[in-house]
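based on what follows, work out the 3D shape:
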Amino acid sequence: MYGLITTAKLNDVDPQAWLADVLARINDMPQTRLRELLPWEWKAIREQMKAA
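I've put the predicted structure just below:
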């Protein structure tokens, strides 16, 4: 757990928001898209959504 939180912080991601989203979505996410749940990918996708 410490590793997940630290990785999120190192990528300038709110650990609580990231973990809540990941835990809510991971069960329905196809294996080919799991990369999107990595903190740095998750952040980039969120930033793209805000810009659109």
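
distance of G3 relative to D21?
18 Å (CB to CB, to the nearest Å). C-betas here are computed from N, CA, C, even on glycine.

so for those two, which sits in the more crowded spot?
The residue with more neighbours, out of G3 and D21, is D21; 14 against 7, by other CB atoms under 10 Å.

please name the residues that touch the residue lying closest to the more buried one once chain neighbours are set aside.
Distance criterion CB to CB, 6 or more residues apart in numbering; nearest residue to D21, sequence neighbours excluded, is W42 at 7.1 Å. Contact analysis of W42 by CB atoms under 8 Å, 6 or more residues apart in numbering lists 13, 18, 21-22, 36.

over to L10?
Contacts of L10 (CB under 8 Å, 6+ apart): none.

what is the neighbour count of P39?
Neighbourhood size, P39 [other CB under 10 Å]: 21.

can I assume it is in contact with A17?
No. Using CB atoms under 8 Å, P39 makes no contact with A17, being 10.6 Å away.

hey, where'd the helices end up in this protein?
2-10, 15-25, 39-51 (DSSP state H).

for T32, find the nearest of those helices.
Across these, T32 has its closest neighbour in helix 39-51 (13.2 Å, CB to CB).

nearest residue to W40 in space, please, no chain neighbours.
Closest to W40 by CB to CB, 6+ apart is N11, at 4.8 Å.

do the same with K9
Using CB to CB, 6+ apart, the closest residue to K9 is P15 (6.1 Å).

and the pLDDT for the one you found?
At P15, the pLDDT value in this model is 97.

now the helices of the chain as TSV including distance to T32?
As requested, those are arranged in TSV below (distance: least, CB to CB, whole Å):
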stretch	distance to T32
helix 2-10	22
helix 15-25	14
helix 39-51	13
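
between these, which one is nearest to Q31?
helix 15-25 (13.1 Å).

how far does the closest one sit from its chain's centre?
Taking CA atoms, centre = their mean, to the nearest Å, one finds helix 15-25 lying 7 Å from the centre of the chain it belongs to.

what angle separates it from helix 2-10?
Relative orientation of helix 15-25 versus helix 2-10 (axes from the mean of the first three to the mean of the last three CA atoms, to 10 degrees): 120 degrees.
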